[in-house]
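Chemist: sequence plus the predicted model coming up.
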Amino acid sequence: MTLTKSHIVDAVQNQLGFQRRQSAKLVETILEILKKNLESGEDILISGFGKLCVKEKKERKGRNPATGEDLTLDKRRVVVFRCSDKLRRKING
């Protein structure tokens, strides 16, 4: 099962006792803060969970899989997640 924003809102509501509207606003606010920081190129470190890093990808050669045609992929920025050792140990038991 995929964890959705709605599931997170429900968990906040149940665990903290907030009303659904307050929980939704809290989750939305946190996500907006994360998006703004990533958009500006800043890394996000959440202790015990992991780090979200913005990485630059260079322009590179690629191929259209449908036609086999060679093409050039533009440079771009991507978000990379690196989990903390604590989370890694929890996942692996």
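Modeler: Structure received. The structure presented is a predicted model; accordingly, all values stated were derived computationally and were not measured.

Chemist: domain-wise, how is the chain divided?
Modeler: Annotated domains of the chain cover 1-40, 41-93 [automatic domain parsing].

Chemist: any idea how far the shortest one is from the chain center?
Modeler: Read it as domain 1-40. Here domain 1-40 is found 13 Å from its chain centre; the criterion is CA atoms, centre = their mean, to the nearest Å.

Chemist: hang on, isn't Gly62 packed against Gly68?
Modeler: No: the pair Gly62 / Gly68 is not scored as a contact, 11.4 Å apart, by CB atoms under 8 Å. C-beta coordinates here come from the backbone N, C-alpha and C atoms, glycine included.

Chemist: now the element after the helix or strand containing Leu31, going C-ward?
Modeler: Assigned by DSSP states H and E, Leu31 belongs to helix 20-39. Using DSSP H and E, the next helix or strand after helix 20-39 towards the C-terminus is strand 44-46.

Chemist: in its sheet, what does that next one sit against?
Modeler: strand 50-57 (antiparallel) (DSSP bridges).

Chemist: name the residues of the strand it pairs with that are buried.
Modeler: 50, 52-54 (16 or more other CB atoms under 10 Å).

Chemist: how about stretch 79-93?
Modeler: Quick answer for stretch 79-93: no buried residues (16+ other CB under 10 Å).

Chemist: ditto for stretch 30-44
Modeler: By 16+ other CB under 10 Å, the buried positions in stretch 30-44 come out as 38, 44.
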